[in-house]
Every structure is written in structure tokens, then in C-alpha cells.
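Participant: build me a model from this:
(chains A and B)
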Number of protein chains: 2
Amino acid sequence: MKIAILGTGDVGSNLGSKIIELGHEVKMGSRSSEKARKWAKSHGQNASGGSFADAASFGEIVFNCTAGAGSLEALKMAGSKNLGGKILIDVSNPLDFSRGMPPTLTISNTDSLGEQIQREFPSTRVVKALNMVAHNLHTNPGLVKGEHDLFICGNDETAKARATEILMAWFGWKNVIDLGDITACRGMEMFLPLWVRIAMRNNFASFNIKIVK
Amino acid sequence: MKIAILGTGDVGSNLGSKIIELGHEVKMGSRSSEKARKWAKSHGQNASGGSFADAASFGEIVFNCTAGAGSLEALKMAGSKNLGGKILIDVSNPLDFSRGMPPTLTISNTDSLGEQIQREFPSTRVVKALNMVAHNLHTNPGLVKGEHDLFICGNDETAKARATEILMAWFGWKNVIDLGDITACRGMEMFLPLWVRIAMRNNFASFNIKIVK
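Facilitator: A predicted model of the protein is given here:
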């Protein structure tokens, strides 16, 4: 498949590397194109780089791995035409580090970044996923021993089913829990302050949660 | 021991009943005294009821089980003198149901109810606990099978140690995780939108989370 990754940070780089390893074509997108092209150079012939719009135009499925505070702007640069009808797997969190650690959220409680993205791009099929765990777990959930859960949400059932297939078959996730429509992004993003607190207390980011009944 | 329970709802009633069962004296406090006295009548000779101030004055340890949106007001009625120096186990969540389900939070992100309470009553030793699980689990964590975690936070180490003893010895909690100072209330309270979402999707509130590494 042709996959677009928007954002060349740890999140995007890790996902892009894994997806290339699986034999797919990846176009990385970045604000200036330069970082994305530089990334692609060291990732073999199935990797390419360009602007956010180049990547979004190329990908059959798009991963939003940009920093949450700039995600809407980055996606506008990617362009609603290039994103139209496509599955957008939104990995981002609206974290504000401007006041230091721990971060606060730029949006929360009565709205969420995932909802903002879905409203801004109504024909794009936004699936929130992977935002509640560290990037090294995205493509290697087995780093955490025992059972643990991955949460997703979104308005489009077919898109969620396809995203779930990818998360399981490509990355190895076993328990994918669908929390319903895109408004579940509020809870998924508001989990981050607790996540950060647990990570800071333990000086350890490779953890996840398991729902126990 | 002499224990004060502020709030006669499901949370306070459940905790009060269990603590009486354990052989302690409980004074329930309510806004009008009436509800608290009515509750006490059906709970034996170790139960009594009165105003928030009556209860806070009586208790060596105080549980705040009032609805979060009214907690600060209720605690002001309880009185800073009556709460001074005491351990206040704050079970409340700042939930706003005025726009229906799911609730939003009346305070979040850059502050929390636990912090507001600690600021308002600086000599009270606030320990946040039990707010992340349904009230029926508070005193019966074994309703959830397998290992699961209870989170606490607060500024006073001795108070947290004492609260942990109570949670383990009285109620049967096994894994109590200290998230640090009172500012951890932000993450603990912002977990609620995710909790509510999971509960609504499953039509089931008797669950908890386990941190998996």
C-alpha cells in the first residue's frame, strides 16, 4: 500500500520505518519538505519525502504524527482535497509544553483535537488511535508484557475496522477497544496528564493500561 | 476510630456502612443534617448524623464524598477549624452533568478540585483517592478479578501512608500507587471522561485499570 506519514518526529519516524519494513511504500511529509526528504534518504527505495500536501496526495491511508498544537495547521497545509475520503489515523495529542513539564492540553473537556480535525475535514474518515501509549509501543506492543489495551474511536465504522486490521496485522496489537464516535477523543486525549504523571514518577514510558473487570 | 463522612449519596453511604461494619464510629454529614440523621438511624449505634460541621468536628479522619461541583462549598460549611490538621480523603470528582451525559469537568487541565481544596484548607492533609473507580469497588476491590491499581496523591507523606493503610487494611486494596503531590489530581480527575466513556460503551461500571509494563 501507499502510506503517508505527516510529521518526521519520533512518532512518524517510528511508524514510517516499520511500515517500510512491512514492504509498503511510505511518503513522509514535513512542513519544509526537507526533513521528510532527509528521512527518506536513509530508509531505502520504498521511502520518499515531500511536503504535507505531497504526502497526503500520495497516501491511501494517512497517519497524523504532527505535534498536536500544530496539527490543524499541518493538515490544512496537507489540503482537504488530498485528505478527502481517506482514512486519517490521528496519533496526535494537543500537548502544550510552553509552561514546561508536565504539559497541559491546548484543548480539552468540551472539545478535543480529534473532533476539531473531523469537523475541519468532514469527508476525511478520522480514526483516533495510538495516542495513549509511547511511540516505541506503537509498532511493538509486545514490549509490554501480558495483556493490555489499545483504544480507538471515530465516526466511520468501516474506517475503524480497517484501522483495527492494520493495528493488529501490521503492528501486533491484540486488544483493540472501540470507544465509539469521535467525541471519545476527549477521554482519550485527557488521559495524557495521567499518562505523563505515571511516566514521570517511574521515569519509564513503556507502559500501558489494561481494563480489568 | 471516629470517622466523618461528608455526603450521603452512594459514595458516602457505601463507605460509611463499611466503616461501621469494621467497628468504627461514623458521623455522616449533610447540608441540612436531616439526610445524615436519617441515614444514621438505619445504621446502628455507631452511626450518627449531623451537619457538615458536626461531622468534620467529630471525625479524626474525614472522607469528602460530596458531589464535586459543590465540594468546596460543603467543605467551607464543614469549617477550616474542624478540618485543620486532619487527613481529608477526597473521593470527589468535579463532574458537571448540567449538559447531560457524558459529563464535563467543572475544573481541569491547569488546576483540579483536589488542588483547590488543598489551597482553601492549607492545614488540612488532603489525600486524593478512590475517585477513579465506581463506589461499589471502593470497599470491595475484589469485585474486579485479578490485579488492578488504585491511585492516590497528596502533599503530606504521612497522610498518604495512613490513607494507604486504611485503603489496604479496611477495604482490601492491594496495589496502591502514589502519584506524588496534590497536582497529580489533574490527571486523576481528567481520567473521568475516559472512565465514563468506557462505562457507557459497556453499560458496566465495575471495572478498573491495571498499569502493565
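
Participant: who in chain A is up against chain B?
Facilitator: A:104-105, A:108-110, A:144-148, A:151, A:177-180, A:184, A:186-188, A:190-191, A:193-198, A:201, A:204, A:206-213 (CB under 8 Å from any CB of the partner chain). Backbone N, C-alpha and C define where each C-beta goes, glycine included.

Participant: please pick the buried ones from those residues.
Facilitator: A:104-105, A:108-109, A:144, A:148, A:151, A:178-179, A:184, A:186-188, A:190-191, A:193-198, A:207-212 (16 or more other CB atoms under 10 Å in any protein chain shown).

Participant: one step back: which ones among the residues of chain A next to chain B are found in helices?
Facilitator: Counting by DSSP state H, those place A:186-188, A:190, A:193-198, A:201 in helices.

Participant: which non-adjacent residue is nearest the residue most central in space within chain A?
Facilitator: Nearest to the mean C-alpha position of chain A, by CA atoms, centre = their mean, lies A:V91 at 1.9 Å. Computed as CB to CB, 6 or more residues apart in numbering or on different chains, the closest residue to A:V91 that is not its neighbour in sequence is A:L130, at 4.6 Å.

Participant: burial measure for the one you found, as a count.
Facilitator: Counted with other CB atoms under 10 Å in any protein chain shown, the neighbours of A:L130 add up to 28.

Participant: contacting residues around A:K41?
Facilitator: With contact set as CB atoms under 8 Å, 6 or more residues apart in numbering or on different chains, A:K41 has these partners: A:47, A:49.

Participant: and the pLDDT for it?
Facilitator: At A:K41, the pLDDT value in this model is 98.

Participant: where does chain A have low pLDDT?
Facilitator: Along chain A, no part satisfies pLDDT under 70.

Participant: now A:L22: how far from chain B?
Facilitator: Separation of A:L22 from chain B (CB to the nearest CB, to the nearest Å) stands at 25 Å.

Participant: do A:K76 as well
Facilitator: Counting by CB to the nearest CB, the gap from A:K76 to chain B is 25 Å.

Participant: got the CA positions of the host helix or strand of that residue in PDB?
Facilitator: Using DSSP states H and E, the element containing A:K76 is helix A:71-78. Below are the C-alpha coordinates for helix A:71-78, written out as PDB (Å, rounded to 0.1, in the frame of the first residue of the first chain):
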ATOM      1  CA  SER A  71      -1.800  19.500  13.800                       C
ATOM      2  CA  LEU A  72      -4.700  21.500  12.400                       C
ATOM      3  CA  GLU A  73      -2.400  23.900  10.600                       C
ATOM      4  CA  ALA A  74      -0.300  21.000   9.200                       C
ATOM      5  CA  LEU A  75      -3.500  19.200   8.000                       C
ATOM      6  CA  LYS A  76      -4.600  22.400   6.300                       C
ATOM      7  CA  MET A  77      -1.300  22.500   4.500                       C
ATOM      8  CA  ALA A  78      -1.800  18.900   3.600                       C
END
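
Participant: quick check: what element follows it along the chain?
Facilitator: Following helix A:71-78 in sequence order, the next helix or strand is helix A:80-83 (DSSP H and E).

Participant: state the next helix or strand along the chain beyond that following helix.
Facilitator: Following helix A:80-83 in sequence, per DSSP H and E, is strand A:87-90.

Participant: my guess is the residue nearest to A:V91 meets A:H138, correct?
Facilitator: Yes - the criterion here is CB atoms under 8 Å, and A:L130 meets it with A:H138 at 5.0 Å.

Participant: residues shared between the contacts of the two?
Facilitator: The contact sets of A:L130 and A:H138 overlap at A:V91 (CB under 8 Å, 6+ apart).

Participant: what comes into contact with the helix holding A:K76?
Facilitator: A:6-7, A:29, A:31, A:51-53, A:55-56, A:62, A:64, A:66, A:83, A:88, A:90, A:92, A:94, A:113, A:116-117, A:120-121.

Participant: select from those every entry located in strands.
Facilitator: A:6, A:29, A:51, A:62, A:64, A:88, A:90 (DSSP state E).

Participant: okay, buried residues for stretch A:118-129 please.
Facilitator: A:118, A:121, A:124-129.

Participant: now for those residues, which pair is the farthest apart?
Facilitator: The largest separation in those, counting by CB to CB, is between A:F121 and A:A129 at 16.6 Å.

Participant: let me see the contact set for A:N136.
Facilitator: Counted by CB under 8 Å, 6+ apart, A:N136 has contacts A:14, A:143, A:205-206.

Participant: mind redoing it with 10 Å?
Facilitator: Neighbour list for A:N136: A:10-11, A:14, A:143, A:205-206 [criterion: CB atoms under 10 Å, 6 or more residues apart in numbering or on different chains].

Participant: report the buried members of those.
Facilitator: A:11, A:14.

Participant: quick one: which of the contacts of A:N136 is nearest to chain B?
Facilitator: Set against chain B, the nearest of the contacts of A:N136 by CB to the nearest CB is A:S206 (6.7 Å).

Participant: for stretch A:54-72, buried residues please.
Facilitator: If you call a residue buried by 16+ other CB under 10 Å, then stretch A:54-72 has these buried ones: A:54-59, A:61-66, A:68-69, A:71-72.

Participant: just give me how far that stretch sits from the chain centre.
Facilitator: With CA atoms, centre = their mean, to the nearest Å as the basis, stretch A:54-72 stands 9 Å off its chain's centre.

Participant: and the closest residue to A:T139 other than its chain neighbours, which helix or strand is it part of?
Facilitator: Excluding the flanking residues, the one nearest A:T139 by CB to CB, 6+ apart is A:K18, at 3.8 Å. Per DSSP H and E: A:K18 is located in helix A:10-21.

Participant: pretty sure the residue nearest to A:V91 sits against A:K18.
Facilitator: No - A:L130 is beyond contact range of A:K18, at 11.8 Å (criterion: CB atoms under 10 Å).

Participant: now for the two: what residues contact both?
Facilitator: A:138-139, A:171.

Participant: any chance of JSON lines for these, columns secondary structure and distance to B:K41?
Facilitator: Shown next, in JSON lines, are those (DSSP: H, G, I helix; E, B strand; the rest coil; distance: CB to CB, whole Å):
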{"residue": "A:H138", "secondary structure": "helix", "distance to B:K41": "57"}
{"residue": "A:T139", "secondary structure": "coil", "distance to B:K41": "60"}
{"residue": "A:F171", "secondary structure": "coil", "distance to B:K41": "58"}
